[in-house]
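turn this into a model:
(chains A and B)
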Protein chains: 2
Amino acid sequence: MSSPIRLSHTHGIGIVAVTIAAGILFAQPPRQARLESPIVSDDGRITFRVRAPQARSIVLNAPWAGEVEALTKNEDGVWSLTVGPVPPAIYSYTFQMDGVRILDPHNTAVKHWSGGNASLVEVPSATPLAYDLRNVPHGSLHVHYYASESGGNSRRLFVYTPPGYEENADQHYPVLYLLHGSGDNDSTWSEVGKANLILDNLIADGKAVPMLVVMPNGHPIPWSRGRRGLRSGNTEAFHDDLLGAAIPLVESLYRARTDRRQRAIAGLSMGGGQSLHCGMRSLDRFAWVGAFSAGAPDPADDPVAKDFLADAERANAELELLWIAIGRDDFLLQRNEVYTAALDSAGIVHMYKVTDGGHSWPVWRDYLAEFALLLFRD
Amino acid sequence: MSSPIRLSHTHGIGIVAVTIAAGILFAQPPRQARLESPIVSDDGRITFRVRAPQARSIVLNAPWAGEVEALTKNEDGVWSLTVGPVPPAIYSYTFQMDGVRILDPHNTAVKHWSGGNASLVEVPSATPLAYDLRNVPHGSLHVHYYASESGGNSRRLFVYTPPGYEENADQHYPVLYLLHGSGDNDSTWSEVGKANLILDNLIADGKAVPMLVVMPNGHPIPWSRGRRGLRSGNTEAFHDDLLGAAIPLVESLYRARTDRRQRAIAGLSMGGGQSLHCGMRSLDRFAWVGAFSAGAPDPADDPVAKDFLADAERANAELELLWIAIGRDDFLLQRNEVYTAALDSAGIVHMYKVTDGGHSWPVWRDYLAEFALLLFRD
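Okay, here's the model as predicted:
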């Protein structure tokens, strides 16, 4: 077998070095006692700690915790800070250590994002939260690769099948197409957003209709760092991939209802913009549209929006629901205000909510939990 | 809707702070130009860079790169180091910055491990590697929760179905149960090990029999930091969960062949120990057993091993394959030497390979690619 790892030619030293290194790989870092961090107290306070005797400053980056706050060092070289109390949620944070943005060295829970990862801390609740892993029947997740004009045969999407899907072999299900934001990928809604657990809980509580949830990849044109990753042509390419490849795939593999009134589309941020684009442009395919903190289109400039706004009668006849929500502290608030004002002027029926919060996952988990309740109801 | 994020009561300052913070959350860190790192050259050299003007020392933790090496700082405050050339593989690494173990601040590719995450760098090859995402038919991955005595109803496992599984609706498939190491979880073999892509490629090349691959969670007793996470009773609990719950689940959901000669079990490290335990203990269930860098049992002390070794005639009659591999630089080498010596003494037929390498993922990806070729052959 080919040798995957090249060793030092100084054989004896090499053996010792690699053996020690293998010990490092297997179990513990050298001689650094583990520190538990962060610690969440019952009243919702969070204590962050970093063992860093040589550091000169460590600052917490966590907007939800208030203003940016500095940790203070004790005589053992351990820096700490307590924040809160904060409401139960899953929060992301990083540290600035001597000017370098780092994840929490003592915490393995990580939120992946192309623009930069973050550490995660969960503040639990005595009462069940929308996304908790509860002792209820759970659905399954499925990951499929497929061929698409824009991606060879390696475009990927996730599908959530609700509890009972395998057993109810004759039952067909409505479908929610749920889109992520810029820099996320097809795994993000389940991994970070906990969409599957949110649906498990709503279904178990009888609050949501059992449905399939399809989570495609919103970057047929690969994300890149400039312009927040929103590459020209990506929205159109996504629309074509969704209708031309992803939906046919789902409908070939799963017992999905194919009537437009059994098909919903929603998304966050860039995904919200894509949902609006696809919903407005392909009214014949989607009857339920959700926009979570969306990159809403400019109604005076976007051709798809203009066409949509020009035919309110059709929109009102075809749409079961157009649901738009944005946090009052979200930098995209104004774009949503402008877009919904245009809906108002055109006489297009919709629900518009300005909520607490900003552009973050706690808000999007809540929006999904709220939006899903409304879907596929007579 | 309940308010998920509590804002500062100093409203004006709060709005500004959160808006800026939302900007941070959405796109970029404050005023820190992005640095591309690491950079891999065509000849297999890797250049690591860290922008850290205030740091006093940064050291690379990467055993595969040779001895532990220090980065050097330039006048712009950017630290760098070039290593290699190294052979094509996916490598993990961290930095020690002023004594604190950190991930690479400029690299979002992360290997999750309960004992501590690491950053990942991939050195590609001009010729296809076992785990490359190639333009071949891809199988699907499925994630299921199930009820088990040891886990409420929230034990989880992954299942890989090979390309063609959905289309060949009458075909039944052999099954490989593939186990992870201590501190990993049921997602690790696919996410880090790229097991699904390895199988896609072998199947496309006609080198492996199309098979299901089941990747269960090896910690029915949750991992904890002491004793390398290997909790007393975990192996036995895993065996019971596998046979009592996981295998029945798989066989109820998938067109799996149920004859013991169509069922294989293999794993790495702790999972290798579990594979040997389950294989030796339940010869009536598994005919193909693989141990990759295994925590092999002590043949003089482990009751299951002693029983197995005492009946070589049965072992040789029942086992199609007992395959054991370990790197010559692996700290578990001696345990494997002792175990295989006992197999030799007992006259139990097996394949034993001591390879280049140590206790690391490049080795395990190679072992899977090699072992899978041998399975389910007449």
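
could you use CA atoms for every contact and neighbour count after this?
OK.

which residues are contacting stretch A:93-113?
Stretch A:93-113 is contacted from outside by A:34-38, A:50, A:55-62, A:92, A:117-121, A:183-184, A:188, A:192, B:51-55, B:100-103, B:105, B:108, B:112-114, B:116-117, using Cα atoms under 8 Å, 6 or more residues apart in numbering or on different chains.

of the residues you listed, keep whichever come out buried.
Neighbour counting with 16 or more other Cα atoms under 10 Å in any protein chain shown marks A:37-38, A:50, A:55, A:57-62, A:92, A:117-121, A:183-184, A:188, A:192, B:51-53, B:55, B:100-103, B:105, B:108, B:112-114, B:116-117 as buried within those.

got the contact list for whichever residue of the stretch 1-150 of chain A sits closest to chain B?
The stretch 1-150 of chain A approaches chain B most closely through residue A:142 (4.3 Å), counting by Cα to the nearest Cα. When contacts are counted by Cα under 8 Å, 6+ apart, residue A:142 is found next to A:158, A:159, A:160, A:161, B:140, B:141, B:142, B:143.

make it 6 Å
A:158, A:159, B:141, B:142 (Cα atoms under 6 Å, 6 or more residues apart in numbering or on different chains).

tell me if I'm right that the third one and residue A:141 touch.
No - in this structure, residue B:141 sits apart from residue A:141 without contact. The criterion is Cα atoms under 6 Å, and the distance is 8.2 Å.

so how far is chain B from residue A:328?
Going from residue A:328 to chain B by Cα to the nearest Cα, to the nearest Å gives 9 Å.

can you list the contacts of residue A:142 in a markdown table and add distance to residue A:262?
Listed next are the contacts of residue A:142 as a markdown table, based on distance: Cα to Cα, whole Å:
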| residue | distance to residue A:262 |
| --- | --- |
| A:158 | 19 |
| A:159 | 16 |
| B:141 | 26 |
| B:142 | 24 |
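
where does chain A have low pLDDT?
Applying pLDDT under 70 to chain A flags residues A:1-33, A:68, A:150-151, A:226-230.

can I see the domain layout of it?
Segmentation of chain A into domains, based on automatic domain parsing, reads A:1-31, A:39-123, A:140-374.

ok, which of these comes nearest residue B:277?
Nearest to residue B:277 among the domains of chain A is domain A:1-31 (20.9 Å), distances taken as Cα to Cα.

on that earlier part again, biggest separation within the contacts of residue A:142, which pair?
Checking the contacts of residue A:142 with Cα to Cα, the most distant pair is A:159 and B:141, at 10.3 Å.

looking at these two, which is more packed in?
More crowded of residue A:159 and residue B:141, by other Cα atoms under 10 Å in any protein chain shown: residue A:159, with 26 against 21.

quickly find the element holding that one.
Assigned by DSSP states H and E, residue A:159 belongs to strand A:152-161.

in that strand, what counts as buried?
Using 16+ other Cα under 10 Å as the test for burial, strand A:152-161 gives A:153, A:154, A:155, A:156, A:157, A:158, A:159, A:160, A:161.

could you do stretch A:156-175 as well?
Using 16+ other Cα under 10 Å as the test for burial, stretch A:156-175 gives A:156-163, A:165, A:172-175.

can you give me the strands in the stretch 151-300 of chain A?
In the stretch 151-300 of chain A, the segments counted as strands under DSSP state E, counting those that start in this stretch are A:152-161, A:175-179, A:212-216, A:263-268, A:288-292.

nearest to chain B, of those strands?
strand A:152-161 (6.1 Å).

contacts for the closest one, please.
For strand A:152-161, the external contacting residues (Cα under 6 Å, 6+ apart) are A:139-147, A:186, A:212-217.

buried subset of the residues you listed?
A:139-147, A:186, A:212-217.

taking these together, which two end up most distant?
Spanning the widest gap among the buried ones among the contacts of strand A:152-161 are A:139 and A:147, at 26.0 Å by Cα to Cα.

pairing partners for the strand holding residue A:159, with directions?
Strand A:152-161 has the following strand partners under DSSP bridges: strand A:140-148 (antiparallel), strand A:212-216 (antiparallel).

spatially, what comes nearest to the residue nearest to the spatial centre of chain A if we skip its sequence neighbours?
Chain A has residue A:189 as the residue nearest its centroid, 4.0 Å off, counting by Cα atoms, centre = their mean. Distances taken as Cα to Cα, 6 or more residues apart in numbering or on different chains place residue A:195 nearest to residue A:189, at 5.7 Å, with adjacent residues excluded.

what number of residues lie near the one you found?
Neighbours around residue A:195, by other Cα under 10 Å: 23.

contacts only, for residue A:295.
Shown in contact with residue A:295 (Cα under 6 Å, 6+ apart): A:269, A:270, A:273.

now with 7 Å, please.
A:269, A:270, A:272, A:273, A:332 (Cα atoms under 7 Å, 6 or more residues apart in numbering or on different chains).

right, and the fourth one touches residue A:296 too?
Yes - distance between residue A:273 and residue A:296: 5.0 Å, which falls inside the contact criterion (Cα atoms under 7 Å).

which of these two has more neighbours?
For residue A:273 versus residue A:296, the count of surrounding residues by other Cα under 10 Å is larger for residue A:296: 29 against 24.

phi, psi of that one?
Note on residue A:296: its backbone torsions stand at phi -70, psi 150 [degrees, to the nearest 10].

you'd agree it is up against residue A:337?
No - using Cα under 7 Å, residue A:296 is not in contact with residue A:337, being 9.3 Å away.

beta partners for residue A:155?
residue A:146.

neighbours of residue A:339, how many?
Burial of residue A:339 is recorded as 19 neighbouring residues (other Cα under 10 Å).

wait, it sits on residue A:301?
No - Residue A:339 is not in contact with residue A:301 according to Cα under 7 Å; the separation is 11.0 Å.

and residue A:107, which of the three is it?
coil (DSSP: H, G, I helix; E, B strand; the rest coil).

residues of the stretch 51-200 of chain A that sit close to chain B?
For the stretch 51-200 of chain A, the residues found near chain B under the criterion Cα under 7 Å from any Cα of the partner chain are A:52, A:54-55, A:63-64, A:66-67, A:86-87, A:89, A:98-102, A:105, A:108, A:112, A:114-117, A:135, A:138, A:140-145, A:152-153.

write out the residues of the stretch 251-378 of chain A neighbouring chain B.
Counting by Cα under 7 Å from any Cα, the positions of the stretch 251-378 of chain A adjacent to chain B are A:329, A:330, A:331, A:356, A:357, A:358, A:359, A:362, A:363.

highest neighbour count among those?
Highest count within those by other Cα under 10 Å belongs to residue A:358, 30 neighbours.

so who does residue A:211 touch?
A:162, A:173, A:174, A:175.

ok, the closest residue to the second one other than its chain neighbours to residue A:169 distance?
Setting aside the residues directly before and after it, residue A:173 is nearest to residue A:256 in space (Cα to Cα, 6+ apart), at 4.9 Å. Remark: distance between residue A:256 and residue A:169 (Cα to Cα, to the nearest Å) = 12 Å.

can you give me every residue that contacts the nearest residue to residue A:89 once chain neighbours are set aside?
Spatial nearest neighbour of residue A:89, excluding adjacent residues (Cα to Cα, 6+ apart): residue A:123 at 5.4 Å. Each residue near residue A:123 by Cα under 7 Å, 6+ apart is listed here: A:40, A:44, A:88, A:89, A:90.

check residue A:58 too.
Here residue A:58 is in contact with A:70, A:71, A:95, A:96, A:97, A:98 (criterion: Cα under 7 Å, 6+ apart).
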